[in-house]
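**Q** no sequence on this one, just coordinates:
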């Protein structure tokens with residue numbers, strides 16, 4: 001008969017620690033709060049204090065550290081630096097046991113939670129969830145953890161949806177928030193609304209003015225830096241990205257477009273650009289404007305024009321993208337002659353001069369362009385009253401947007417109704433069994449109607465912007481000409497930027513100055 005002797009286990013099967021050991025267990029704790037609210041701050045401090053005292057009170061435990069993430073969501077481990085540091089320390093053998101308040105404090109993402117627990121368990125590190133009285137070394141615990149982690153994830157989804165609903169409800173009511181300390185031109189008023197910071201508003205107006213005069217965002221940034229104007233955060237150096245964000249921000253025109261971005265996944269919380277996936281809201285006259293709405297539309301039109309230009313727009317000087325070739329229609333670019341000797345000078349010639357087309361137009365100098373402008377402008381001043389009257393008539397006839405505004409409003413209502421009908425159609429199909437062929441026919445018909453109405457809505461919106469921009473250009477032209485009672489004796493950069501659309505150079509080198517109202521003077 002065989003004799004079987006039982007050899008008792010001497011090591012913990014997960015941690016390889018001797019069962020009869022008297023060595024102290026290395027213990028850490030993990031605490032987390034998801035917001036920076038005052039109540040949550042109290043909870044955060046209480047968790048840290050409680051675990052430190054509790055671990056130190058146990059004679060069989062050695063206190064390692066309390067790892068804590070403050071104001072961080074539990075939906076992902078990506079930004080939880082303390083959590084990642086704790087896991088790494090545990091894998092490095094510095095921790096044998098981790099205490100935490102609950103499964104939801106550890107992670108609200110089921111995959112992250114189970115993956116981390118299994119990784120720690122394989123390294124001999126146990127996790128205790130105090131609220132649920134669960135220990136990960138218990139072989140029966142994983143199914144419970146899966147259920148609890150899934151419940152935590154669903155709770156997080158529910159919270160996210162509730163918060164999103166609240167935010168969108170505020171947006172629909174025209175309410176919005178800003179990072180006031182980093183927003184140039186405005187401060188937060190006593191009533192919580194935007195109020196103009198007059199000193200910073202001067203910089204905003206200067207930025208828009210320089211852009212209208214022809215400078216690029218990069219050139220404007222250099223100009224502001226050269227003038228010693230500080231950014232909103234107190235920095236001496238400006239950059240093109242900051243200028244771009246200013247000239248594109250509709251809030252400077254006294255309106256606010258809300259829901260420019262949205263978060264499609266509550267787990268990753270990554271914001272993406274809203275291209276129509278969710279509603280957006282435009283709140284007009286929501287606060288005092290620094291820039292006239294028409295001026296803002298003019299700038300947006302100019303941004304689009306420069307972007308559509310066949311070649312990269314150059315705004316390094318007041319003459320960049322202002323001198324046009326009379327033969328090919330391209331722009332003249334600056335070239336330096338005799339750059340290293342006393343005869344150095346800057347000339348402008350067609351950028352196609354030595355390309356495949358080889359335009360025949362000659363080069364011109366800055367002085368020639370300046371002289372042509374002064375001569376043409378002074379001729380304009382002699383006919384001042386007649387030109388102003390004609391420009392005003394053109395502005396009233398060609399730049400009126402009243403009919404387009406009415407059409408836009410009607411189209412906006414039509415689009416909103418079609419969206420609602422389509423959503424109801426989809427919801428009804430999900431609830432009620434019906435002929436799918438008939439459903440698809442109805443659905444496709446609604447989508448086609450929506451796309452047609454939306455396309456026309458976009459066309460009308462663009463036409464309104466173009467007319468408004470043209471009206472503002474003409475209004476600026478008229479104001480400048482009204483203020484100029486006498487001819488000028490020398491070149492004026494301000495007048496050049498405000499009055500001239502372009503100067504065309506002919507093959508015979510004759511210059512034609514084209515003003516912003518369409519008036520041409522050939523010299």
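**A** Looks like it came in fine. Everything numeric in this text was worked out from a predicted model, so none of it was measured.
**Q** apart from its neighbours in sequence, what residue is nearest residue 135?
**A** Excluding its sequence neighbours, the residue lying closest to residue 135 (C-beta to C-beta, 6 or more residues apart in numbering) is residue 128, at 5.3 Å. No exception for glycine: its C-beta is placed from N, CA and C like everyone else's.
**Q** who does the one you found bridge with?
**A** Using DSSP bridges, the beta-bridge partners of residue 128 come out as residue 99, residue 135.
**Q** that one reaches residue 96, doesn't it?
**A** No. Counting by C-beta atoms under 8 Å, residue 128 does not reach residue 96; the two are 11.5 Å apart.
**Q** more neighbours, these two?
**A** Shown here are residue 128 and residue 96; by other C-beta atoms under 10 Å, residue 96 has more neighbours (22 against 16).
**Q** next, give phi and psi for the residue nearest to the more buried one when sequence neighbours are not counted.
**A** For residue 96, ignoring the flanking residues on the chain, the nearest one in space by C-beta to C-beta, 6+ apart is residue 26 at 4.6 Å. Residue 26 adopts backbone torsions of phi -80, psi 120, taken as degrees, to the nearest 10.
**Q** show me what contacts residue 26?
**A** Remark: with contacts taken as C-beta atoms under 8 Å, 6 or more residues apart in numbering, residue 26 is in contact with 61-62, 64, 94-97.
**Q** out of those, who has the most neighbours?
**A** Result: residue 95 is most packed of the contacts of residue 26 (other C-beta under 10 Å), 25 neighbours.
**Q** which SS state does that one fall under?
**A** coil (DSSP: H, G, I helix; E, B strand; the rest coil).
**Q** does the closest residue to it other than its chain neighbours belong to a helix, a strand or coil?
**A** Distance criterion C-beta to C-beta, 6+ apart; nearest residue to residue 95, sequence neighbours excluded, is residue 28 at 4.7 Å. Following three-state DSSP, the label given to residue 28 is strand.
**Q** how close does residue 28 get to residue 85?
**A** As judged by C-beta to C-beta, to the nearest Å, residue 28 and residue 85 stand 10 Å apart.
**Q** neighbour count winner among the two?
**A** residue 28 (23 against 13).
**Q** show me what that one is bridged to.
**A** Applying DSSP bridges to residue 28 gives these bridge partners: residue 65, residue 98.
**Q** which residues does it contact?
**A** Here residue 28 is in contact with 55, 63-67, 86, 89-90, 95, 97-99 (criterion: C-beta under 8 Å, 6+ apart).
**Q** if we can go back for a sec, closest one of the contacts of residue 26 to residue 345?
**A** Residue 345 has its nearest neighbour among the contacts of residue 26 in residue 94, at 71.4 Å by C-beta to C-beta.
**Q** isn't that closest one right up against residue 85?
**A** No. Distance between residue 94 and residue 85: 10.3 Å, which falls outside the contact criterion (C-beta under 8 Å).
**Q** now residue 459: which helix or strand?
**A** helix 436-483 (DSSP states H and E).
**Q** could you point out which element follows that helix?
**A** Per DSSP H and E, the first helix or strand lying C-terminal to helix 436-483 is helix 493-499.
**Q** from the rest of the structure, what touches that next one?
**A** 212-214, 318, 373, 377, 380, 476-477, 480-481, 484, 488, 515-516.
**Q** now do it, average pLDDT.
**A** Helix 493-499 carries an average pLDDT of 78.
**Q** packing partners of the helix or strand following that helix?
**A** Next helix or strand after helix 493-499 toward the C-terminus (DSSP H and E): strand 500-505. Helices and strands touching strand 500-505, by 3 or more C-beta pairs under 8 Å, 6 or more residues apart in numbering; DSSP states H and E, are strand 323-325, helix 366-382, strand 511-515.
**Q** let me have the ones you listed in a markdown table, extended by mean neighbour count.
**A** Output for the helices and strands packed on strand 500-505, formatted as a markdown table (neighbours: other C-beta atoms under 10 Å):
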| stretch | mean neighbour count |
| --- | --- |
| strand 323-325 | 21 |
| helix 366-382 | 17 |
| strand 511-515 | 20 |
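**Q** columns mean pLDDT and distance to residue 122 on top of those, output as TSV?
**A** TSV is the format used below for the helices and strands packed on strand 500-505 (pLDDT from 0 to 100; distance: least, C-beta to C-beta, whole Å):
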stretch	mean pLDDT	distance to residue 122
strand 323-325	90	72
helix 366-382	89	74
strand 511-515	91	76
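**Q** closest to residue 348 out of these?
**A** Closest of the helices and strands packed on strand 500-505 to residue 348 is strand 323-325, at 5.3 Å (criterion: C-beta to C-beta).
**Q** neighbouring contacts of the closest one?
**A** With C-beta under 8 Å, 6+ apart as the criterion, strand 323-325 contacts 330-332, 348, 350, 352, 359, 361, 364, 369, 502-505.
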